[in-house]
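Dropping the sequence and predicted coords here.
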Amino acid sequence: STPNPIERRIGDTPKGGSVLGFYAPRGTPRPPRIARGEGVFLWDSEGRRYLDATAGAVVANIGHGNPHVLAAMAEQAGRVTFAYPRFFESEHSIALADRVCALAGEGFDRAFFVSGGSEANESALKLARQYAVVSGQPQRAKVISREPSYHGATLGALAVTGDAHTLGIYGPMVRAMPKVPAPQSYRLPEGHTAESHALACADALEDSIVREGPDSVLAFILEPVGGLSSGAVVSPAAYYRRVREICDRHGVLLIYDEIMSGAGRTGAFLAAHHFADARPDIVTLAKGLAAGYTPLGAMLVPNRIVDAIADAGGFVHGHTYFTNPLSCAVANAVLDEVVRQDLAAQSRLRGEQLMARLQAIAGRSPIVGDVRGKGLLTAIEIVADKETKRQLPAAFNAPARLTQHGLQRGIALYNRRANLGAYGDMQLITPPLTITEAEVDLLAELLEASLRDLAQEIAR
Ligand code: PLP
């Protein structure tokens with residue numbers, strides 16, 4: 001007989017539920033079951049080993065199973081895992097805010113801790129808006145962003161995400177926000193250099209501000225190095241400088257979404273640090289901040305914004321898991337490792353080695369059209385024809401097929417086909433920053449074998 005639902009236990013019910021996955025159309029093979037992880041490797045329940053070539057979703061920056069972090073986690077879990085932050089502050093959140101702001105550098109005084117990237121961006125959009133309201137500019141509410149871009153899955157973050165496919169479904173539920181082109185680096189428009197094209201994209205921002213009415217524009221948000229959207233596109237320094245100048249000219253706040261590019265991933269604590277004149281007003285972080293040991297995101301802001309709203313009731317926004325003491329303790333331990341192992345420097349060093357290996361693969365492979373990135377935030381672009389840069393049909397779904405070949409070869413490759421093919425089939429290559437020289441070589445071998453399998457499948 002069917003047990004009373006109240007008495008059901010996992011495993012002993014004749015009919016229970018099952019996990020709802022995402023981005024998994026009918027017929028998608030079930031992924032292997034994860035059993036354990038150590039360093040850059042993961043093992044499934046059948047004992048098969050996978051090199052984690054994208055650090056999960058560009059998260060596991062310090063690798064899996066780090067003993068220092070696990071000890072800090074156990075220690076904090078033994079003390080207290082939750083205390084509502086409006087009633088209690090925690091030594092770990094105080095220390096973490098201090099350290100993260102110091103690493104982010106001048107202009108960042110306060111850290112707001114949330115559970116992940118989308119929440120961090122929601123926080124940035126809402127803080128910017130509240131700042132405009134208390135500064136006597138309540139008409140400023142539009143946030144300009146780039147096409148393509150990815151800023152998160154929640155409805156506010158989606159409103160500024162440049163992804164026609166997703167907005168085709170959820171667009172009517174959000175306020176349409178203006179979009180400007182994100183610079184490309186592979187398919188440059190006729191007659192342009194990388195720099196002249198990027199500057200034209202920056203000028204498109206100014207045109208958009210003027211068209212919308214400068215007094216109505218609140219902020220501009222961008223990923224300084226493209227992530228899932230455009231695949232590790234790095235723009236010339238002049239682009240970041242001009243964007244800053246334009247925002248200054250029109251009183252528009254500049255938000256850098258460093259959820260993927262931050263925490264050392266590109267070879268500096270923030271990608272913004274590579275570009276002297278970038279100077280964002282607000283930065284968001286997640287992913288590598290707690291490196292997958294606990295969920296954590298952050299928004300970093302200057303005192304001048306926070307002070308302006310302090311007398312207006314403070315920030316009118318928060319979540320239950322805001323400043324979670326366990327997540328903050330874990331992130332402090334992760335930061336210990338980032339600093340002790342100088343992982344930003346490691347990212348530069350191993351990034352150079354990886355880039356050379358990827359370029360060599362591109363030279364041999366008939367389907368790798370481009371290699372790009374900064375530090376260990378790199379990507380390859382898969383094409384049907386390297387001469388013409390022609391893409392494979394979207395229905396073929398080359399990245400999903402590459403993932404399957406990778407799993408057979410023992411390499412875990414995370415991707416999300418960029419905007420259903422409109423911007424190319426790219427594959428991020430973003431291993432943990434702790435990857436060794438020999439492991440980069442192994443990654444390159446396994447990737448090349450998987451690409452060979454894919455090329456054979458395409459040729460059939
Ligand atoms: N912003 C960027 C640049 C991202 O890459 C992501 C996630 O991939 C997000 C925001 C959203 O973060 P989360 O998935 O933690 O909500």
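Great, that's in hand. Numbering: from 1, shown residues only.

At which residues are the strands of this protein located?
Taking DSSP state E as the criterion, the chain contains strands spanning 34-38, 41-44, 49-52, 110-114, 142-147, 179-181, 217-222, 253-257, 282-285, 297-301, 368-374, 377-382, 411-412, 425-429.

Just send those back as CSV, with distance to residue 101 and mean pLDDT too.
C-beta here means a position set from N, CA and C on the backbone, and glycine is covered the same way. CSV is the format used below for these (distance: least, CB to CB, whole Å; pLDDT from 0 to 100):
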stretch, distance to residue 101, mean pLDDT
strand 34-38, 30, 97
strand 41-44, 33, 98
strand 49-52, 30, 98
strand 110-114, 6, 97
strand 142-147, 24, 97
strand 179-181, 30, 97
strand 217-222, 20, 98
strand 253-257, 15, 98
strand 282-285, 10, 98
strand 297-301, 6, 98
strand 368-374, 23, 97
strand 377-382, 23, 96
strand 411-412, 33, 98
strand 425-429, 28, 94
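
The ligand is nearest to which of the ones you listed?
When the strands of the chain are compared by CB to the nearest ligand atom, strand 253-257 sits nearest the ligand, at 4.7 Å.

Contact partners for the residue lying closest to residue 424 once chain neighbours are set aside?
For residue 424, ignoring the flanking residues on the chain, the nearest one in space by CB to CB, 6 or more residues apart in numbering is residue 381 at 4.8 Å. The contact partners of residue 381, taken as CB atoms under 8 Å, 6 or more residues apart in numbering, are 186, 231, 368-372, 424-427.

Those residues: which ones sit near the ligand?
The subset of the contacts of residue 381 lying close to the ligand, counting by CB under 6 Å from any ligand atom, is empty.

Could you export the residues you listed to TSV, including columns for neighbour count?
Formatted as TSV, the contacts of residue 381 follow (neighbours: other CB atoms under 10 Å):
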residue	neighbour count
186	18
231	30
368	23
369	24
370	21
371	22
372	21
424	25
425	27
426	27
427	29
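
Which one of those is nearest to residue 97?
The nearest member of these to residue 97, counting by CB to CB, is residue 231 at 32.2 Å.

ok, the closest one touching residue 377?
No: in this structure residue 231 lies outside contact range of residue 377 using CB atoms under 8 Å: 9.7 Å.

shared neighbours, these two?
A shared contact of residue 231 and residue 377, defined by CB under 8 Å, 6+ apart, is any residue touching both; here these are residue 428.

And residue 403, how close does it get to the ligand?
Taken as CB to the nearest ligand atom, to the nearest Å, the spacing of residue 403 relative to the ligand amounts to 16 Å.

ugh, wrong one, residue 280
According to CB to the nearest ligand atom, residue 280 and the ligand sit 14 Å apart.

Could you do residue 406 as well?
From residue 406 over to the ligand the distance is 19 Å, taken as CB to the nearest ligand atom.

ok now do that residue, which residues does it touch?
50, 53, 412-413, 446-447, 450.

Can you tell me which of these is closest to residue 336?
Distance ranking of those against residue 336, using CB to CB, places residue 53 first at 25.2 Å.

what sits against the closest residue to the ligand within the stretch 101-250 of the chain?
For the stretch 101-250 of the chain, the nearest residue to the ligand under the criterion CB to the nearest ligand atom is residue 117, separated by 2.1 Å. Residues near residue 117 by CB under 8 Å, 6+ apart: 152, 157, 257, 259-260, 284, 286-287, 297.

ok, now with 10 Å
The neighbourhood of residue 117, defined by CB atoms under 10 Å, 6 or more residues apart in numbering, consists of 57, 59, 150-154, 157, 227, 257-260, 284-287, 289, 295-298.

Would you show me how to pick out the buried ones of the residues you listed in PyMOL?
Those of these that meet the burial criterion (16 or more other CB atoms under 10 Å) are gathered into one PyMOL selection, given here:
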select buried, resi 57+59+150+151+152+154+157+227+257+258+259+260+284+285+286+287+289+295+296+297+298
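
What is the most widely separated pair among the contacts of residue 406?
The most widely separated members of the contacts of residue 406 are 50 and 447, with 12.2 Å between them, by CB to CB.

Who has more neighbours out of the two?
Neighbours were tallied for residue 50 and for residue 447 using other CB atoms under 10 Å; the higher tally belongs to residue 447 (27 against 21).

Nearest residue to the more buried one in space, please, no chain neighbours.
Leaving aside its chain neighbours, residue 447 sits nearest to residue 411 (6.2 Å; criterion: CB to CB, 6+ apart).

Could I get the phi/psi values of the residue nearest the centre of the chain?
The structure's the chain has its C-alpha centroid closest to residue 260; by CA atoms, centre = their mean the separation is 2.7 Å. Note on residue 260: backbone dihedrals following degrees, to the nearest 10 are phi -100, psi -40.

Spit out the contact partners of the residue lying closest to it once chain neighbours are set aside.
If the residues on either side of it in the chain are set aside, residue 260 comes closest to residue 227, at 3.8 Å by CB to CB, 6+ apart. Residues in contact with residue 227 (CB under 10 Å, 6+ apart) are 57-58, 117, 149-151, 233, 257-261, 265, 287, 377, 379, 416, 418, 428, 430.

Looking at the residues you listed, which are in helices?
Those of the contacts of residue 227 mapping onto helices are 57-58, 117, per DSSP state H.

possible to save the residues you listed as CSV with distance to residue 37 and pLDDT?
As requested, the ones in helices among the contacts of residue 227 are exported to CSV (distance: CB to CB, whole Å; pLDDT from 0 to 100):
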residue, distance to residue 37, pLDDT
57, 14, 96
58, 15, 97
117, 21, 98
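
can you redo those as JSON lines with distance to residue 131?
Putting the ones in helices among the contacts of residue 227 into JSON lines (distance: CB to CB, whole Å) gives the following:
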{"residue": "57", "distance to residue 131": "31"}
{"residue": "58", "distance to residue 131": "30"}
{"residue": "117", "distance to residue 131": "21"}
